[in-house]
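# My questions concern the predicted model and sequence given below.
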Amino acid sequence: MPPADAPPRRPADVRMRVHRLARLMDSSIRLPGGFRIGVDGLIGLVPVVGDLATAGASFYIVAQAARAGVPASALARMVLNVALDAVAGAIPVLGDVFDVAFKANLRNARLMDAYLDRSAPR
């Protein structure tokens, strides 16, 4: 959570940063057949350290959403997505398959967008 006196970030800047990181983590590499994976799936292959590193990047997305003013209920869902991704990803082999398929960062980017779209001035 950002410090209480930190100014909120402009939603357009946050969206750009979050979507760039989410795509890198979850869908930046195209495989034959059109399936996409991200560096999250590759880094997650390294036991313990890889899972911690990818969870850190995922929590950065949550922190950016918090600074943009996303409410606690949406942030809680985002944290749940990251926790599920990290816990399941820690299971050897099956967790790596889950990690590639679940795409927690793209889910969290969509959750953030849904709130920011609803709260945008019209």
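All right, it came through fine. Numbers count the residues shown, from 1 in each chain.
# contacts and neighbour counts: CA atoms only from here.
OK.
# I'd say Asp85 and Asp99 touch.
Yes. Between Asp85 and Asp99 a contact is recorded at 6.0 Å, counting by Cα atoms under 8 Å.
# Please name the nearest non-neighbouring residue to Phe102.
Leaving aside its sequence neighbours, Phe102 sits nearest to Asp85 (Cα to Cα, 6 or more residues apart in numbering; 7.2 Å).
# so the one you found sits in a strand?
No. Under DSSP: H, G, I helix; E, B strand; the rest coil, Asp85 sits outside any strand and is assigned helix.
# show me what contacts Ile91?
By Cα atoms under 8 Å, 6 or more residues apart in numbering, no residues touch Ile91.
# Checking it next. Helix, strand or coil?
Ile91 ends up coil, using three-state DSSP.
# before we move on, which element is the nearest residue to Gly44 once chain neighbours are set aside in?
Closest residue to Gly44 apart from its sequence neighbours, by Cα to Cα, 6+ apart: Gly50 at 4.5 Å. Gly50 belongs to helix 49-67 when assigned by DSSP states H and E.
# buried residues in that helix?
50-55, 57-59, 61-67 (16 or more other Cα atoms under 10 Å).
# Go through the residues you listed and name the one nearest Phe35.
Thr54 (20.3 Å; Cα to Cα).
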